[in-house]
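Trainee: What follows is a predicted structure for the sequence shown.
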Amino acid sequence: MNTTSNRSSGELVLIPGGEFLMGSDSEGDHCPAHSVHVDSFYMDRYQVTNAQYLAFCQATGHRLPEFWAMSGFRCGSDYPNHPVIGVNWYDATLYAEWCGKRLPTEAEWEYAARGGLVGMDFPNGDSLQPSDGNYNRSAKGGPVAVGSYPANGFGLHDMQGNVLEWVSDFYDAAYYSSSPSANPQGPEYGKFRVIRGGGWHSGASCNRVYYRNALPPNWVDFNVGFRCAKDLESPNDSDAAGL
């Protein structure tokens, strides 16, 4: 396997910075809805795949994911284009660093997932159908190859369904009441790390673009993977892309 090509194969999308209404006043820990500005950044078009993660493990000697070679979860080298699962927050962070990237913040993730839509519950509109993403009504029984469903308005695939995604932030149910209005980084400490987006094993309501969840950072799960983000290398990056 060509480690170099796999290391750079995560296609990045330039997400134009802007202001959006984060969260929802509907219920729970995504209250209150609040205005947030996010600077421009890059984000992986697809969730990190088994092939990409295997290249990282081969290059660094890092352990393979928890469910590796379990065909029921489509985890392993026989499923190179399926999203990797069975990685904890620390694993995801190390992979991102190896690639010269990082995990997105919770605010970046939600802003990117919304794809430029305003006031919608899902990345592609105000409802969710089996044709929109791989969640538990889709009867796929596990993850599917990344990019199998339509992209959102920013060109990002699987921001709903397939697998949930680790982000960088610590979790605090009350954080939105005191969150900074510009580029929030999450609480300074906590016992859990945020996961975002629904997965193949999640119900429709868990795929809402503002829905929050969290796990201990050392937890591994058959419904959780990740994608990476990256800072702009210079202020001219967005100008070059016409943003």
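Mentor: Structure received.
Trainee: The protein: helices as residue ranges?
Mentor: Secondary structure of the chain by DSSP state H: the helices cover 3-7, 50-60, 89-98, 106-114, 237-240.
Trainee: which one of those is the most hemmed in?
Mentor: helix 106-114 (a mean of 25; mean count of other CB atoms under 10 Å). From N, CA and C alone the C-beta is placed, and that goes for glycine too.
Trainee: Which strands and helices lie in contact with it?
Mentor: Judged by 3 or more CB pairs under 8 Å, 6 or more residues apart in numbering; DSSP states H and E, helix 106-114 is in contact with strand 12-15, strand 18-22, strand 34-38, strand 41-44, strand 164-170, strand 193-196.
Trainee: Can you tell me which of the helices of the chain is nearest to residue 205?
Mentor: Closest to residue 205 of the helices of the chain, according to CB to CB: helix 106-114, at 15.2 Å.
Trainee: State the distance from the closest residue to residue 95 other than its chain neighbours to residue 123.
Mentor: Residue nearest to residue 95 in three dimensions, not counting chain neighbours: residue 56, with 5.0 Å by CB to CB, 6 or more residues apart in numbering. Remark: distance between residue 56 and residue 123 (CB to CB, to the nearest Å) = 27 Å.
Trainee: Could you pull out the buried residues of stretch 112-128?
Mentor: Buried residues in stretch 112-128, counted by 16 or more other CB atoms under 10 Å: 112, 113, 114, 115, 117, 120, 121, 122, 123, 124, 128.
Trainee: contacting residues for the nearest residue to residue 22 once chain neighbours are set aside?
Mentor: The shortest distance from residue 22 to any non-neighbouring residue, by CB to CB, 6+ apart, is to residue 36 (4.5 Å). If you count contacts by CB atoms under 8 Å, 6 or more residues apart in numbering, residue 36 has them with 19, 20, 21, 22, 107, 111, 179, 181, 182, 184.
Trainee: Now restrict those residues to buried residues only.
Mentor: Buried among the contacts of residue 36 by 16+ other CB under 10 Å: 20, 22, 107, 111, 179, 184.
Trainee: Hmm, the third one is touching residue 183, no?
Mentor: Spelled out, it's residue 107. Yes: Residue 107 is in contact with residue 183 according to CB atoms under 8 Å; the separation is 7.0 Å.
Trainee: Quick check: neighbours shared by the two?
Mentor: Common neighbours of residue 107 and residue 183 (CB under 8 Å, 6+ apart) are residue 38.
Trainee: Check the average confidence over stretch 82-92, would you?
Mentor: What stretch 82-92 shows for mean pLDDT is 98.
Trainee: where does the protein dip in pLDDT?
Mentor: The chain contains residues with pLDDT under 70 at 1-9, 234-243.
Trainee: Could you state which residue of it sits nearest its centroid?
Mentor: The centroid of the chain falls nearest to residue 165 when counting by CA atoms, centre = their mean (4.0 Å).
Trainee: who does that residue bridge with?
Mentor: residue 196, residue 225 (DSSP bridges).
Trainee: Mind putting the buried ones among the contacts of residue 36 into a markdown table with distance to residue 146?
Mentor: Converted to a markdown table, the buried ones among the contacts of residue 36 look like this (distance: CB to CB, whole Å):
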| residue | distance to residue 146 |
| --- | --- |
| 20 | 25 |
| 22 | 26 |
| 107 | 23 |
| 111 | 21 |
| 179 | 30 |
| 184 | 28 |
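Trainee: Excluding covalently adjacent residues, which one is nearest to residue 137?
Mentor: residue 130 (5.2 Å).
Trainee: What distance do you get for residue 102 to residue 66?
Mentor: 23 Å.
Trainee: How about residue 87?
Mentor: 8 Å.
Trainee: ok, now residue 126?
Mentor: Residue 126 sits 36 Å away from residue 66, going by CB to CB.
Trainee: Next: residue 84.
Mentor: 10 Å.
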